[in-house]
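A.B. asks: Mind looking at a prediction? Sequence and model below.
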Amino acid sequence: MDIAQVAKQSGLKPSTLRYYEEKGLIRSAGRNGLRRYYDKQVLEKLALINLGRYVGLSLDEIAEMLLPKGVEVNRSLLLEKADELDKQIKSMTAIRDGLRHAAQCSAPHHLACPTFQRFLNLAGKRLKAKPSKLK
């Protein structure tokens, strides 16, 4: 398969494929002039890379798991990512609940709402915990 076919079937740009090759994530099977050619198995490897990116793995983390002869899953890394996702889910659930409350609150204005005030205090604490990059 030439690079254009792989790009079309994978939904990735040819520049992304070249970058993945540069990073050692995939390999071309050869060239015909300037065009790269790949084995059909590259689509499975690209699907694994896409899955890794989707769950928040860096390309370097993915590269560690993609070996020339197959995939070696780093189970402890996957458990760490699952824990990170649990924290994000908890945080996003709290944000969702706060938005729903703000939308339905019967207080005359949101600053008069004790629940909204608690959300503001939590947001303020998070800002203090993360130094601003805008200084």
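C.D. replies: In hand now; what should we look at? Numbering: from 1, shown residues only.

A.B. asks: List of residues touching the one helix or strand K8 maps to?
C.D. replies: K8 belongs to helix 3-10 when assigned by DSSP states H and E. For helix 3-10, contacts defined as CB atoms under 8 Å, 6 or more residues apart in numbering pick out 1, 12-14, 16-18, 28, 35-38, 42-43, 46-47, 50. For every residue, glycine as well, the C-beta is placed using N, CA and C.

A.B. asks: Apply 7 Å and report the result again.
C.D. replies: Residues outside helix 3-10 that contact it (CB atoms under 7 Å, 6 or more residues apart in numbering): 13-14, 17, 35-36, 38, 42-43, 46.

A.B. asks: Can you say which of those residues are buried?
C.D. replies: 17, 36, 38, 42-43, 46 (16 or more other CB atoms under 10 Å).

A.B. asks: Identify the residue with the minimum pLDDT among these.
C.D. replies: pLDDT is lowest at R36 among the buried ones among the contacts of helix 3-10; the value there is 87.

A.B. asks: Secondary structure element for the closest residue to it other than its chain neighbours, which one?
C.D. replies: Nearest residue to R36, sequence neighbours excluded (CB to CB, 6 or more residues apart in numbering): S28, at 4.0 Å. Secondary structure assignment for S28, by DSSP H and E: no helix or strand.
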